[in-house]
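Q: Please find the sequence and the predicted model below.
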Amino acid sequence: MDEKKLAIIATKGSLDWAYPPFILASTAAALGYETQIFFTFYGLQLLKKKLALEVTPLGNPGMPMPGGMDKWFPVLGMTLPGMQGMVTSMMKQKMKSKGVASIEELRELCIEAEVKLVACQMTVDLFDMERTAFIDGIEYAGAAAFFEFAGDSDICLYI
C-alpha cells in the first residue's frame, strides 16, 4: 500500500490560526502520512524566525472568553487599545496551563517529523519579504508545485 498523503494550505497568520496546521501536520506525520504545508499570504507569518503572533478576538464570535466575558462585554470593546494584547496573553497563559505546546515547539516537531514546509514564492515576492526573515529548511514554490502534491494527496485541508 502506498504511503498516505496530507496537503495543508495555511493562510492565516494569527496565534489561534497557527495551531491547526502544525497540530494536524505533526499528527499526520506521526501516523505515517507524507505531509506538506503550503504557507501563503498571511500564513507566511508562521514561518518567520521571530514569531510575533497575536489573537484577534474581533470578528471571531466563536472565541470563548474568560468569565463569560463574551456574553456581557460589547464587541465594540474589543477595539479598545490593548485588548488584542490582553487576549493574546490570556490565550498563551491558557495554552501553557493546559500543557499545549507553543507554536515554536509544534513547528520544530513538524520539521523533525519531515513535514515539508513550503513558502508561496508569489506571496514572498508580492509583499517584498526577505528570505532571511524565515526559518531555515523551508522550500519556496508556487501554487503549481503545491498542486502536484495536493493532486495526489488523500486529504487536502484549507486552513
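A: Yep, it's here.
Q: Centre-most residue in the chain?
A: Nearest to the mean C-alpha position of the chain, by C-alpha atoms, centre = their mean, lies residue 18 at 2.6 Å.
Q: which residue ranges form the strands in the chain?
A: All strands of the chain, identified by DSSP state E, fall at 5-10, 34-39, 116-120, 139-141, 155-158.
Q: mind putting those strands in JSON lines, mean neighbour count, distance to residue 133 and mean pLDDT included?
A: For the C-beta atoms, the positions are set from N, CA and C on the backbone; glycine is no exception. Output for these, formatted as JSON lines (neighbours: other C-beta atoms under 10 Å; distance: least, C-beta to C-beta, whole Å; pLDDT from 0 to 100):
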{"stretch": "strand 5-10", "mean neighbour count": "24", "distance to residue 133": "17", "mean pLDDT": "98"}
{"stretch": "strand 34-39", "mean neighbour count": "25", "distance to residue 133": "13", "mean pLDDT": "98"}
{"stretch": "strand 116-120", "mean neighbour count": "22", "distance to residue 133": "10", "mean pLDDT": "98"}
{"stretch": "strand 139-141", "mean neighbour count": "15", "distance to residue 133": "13", "mean pLDDT": "98"}
{"stretch": "strand 155-158", "mean neighbour count": "14", "distance to residue 133": "25", "mean pLDDT": "96"}
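Q: Nearest to residue 25, out of the ones you listed?
A: Closest to residue 25 of the strands of the chain, according to C-beta to C-beta: strand 34-39, at 4.9 Å.
Q: what angle separates that closest one from strand 5-10?
A: 10 degrees (axes from the mean of the first three to the mean of the last three C-alpha atoms, to 10 degrees).
Q: Who are the contact partners of the residue nearest to the centre of the chain?
A: By C-beta atoms under 8 Å, 6 or more residues apart in numbering, the contact list for residue 18 reads 12, 45-46, 51, 53, 103.
Q: The same query, at a cut-off of 6 Å, please.
A: By C-beta atoms under 6 Å, 6 or more residues apart in numbering, the contact list for residue 18 reads 46, 53, 103.
Q: Which one of those residues sits in the busiest neighbourhood?
A: The residue in these with the most neighbours, by other C-beta atoms under 10 Å, is residue 46 (27 neighbours).
Q: check contacts around that one.
A: Taking C-beta under 6 Å, 6+ apart, we find residue 46 in contact with residue 18.
Q: So it versus residue 124, what's the distance?
A: According to C-beta to C-beta, to the nearest Å, residue 46 and residue 124 sit 13 Å apart.
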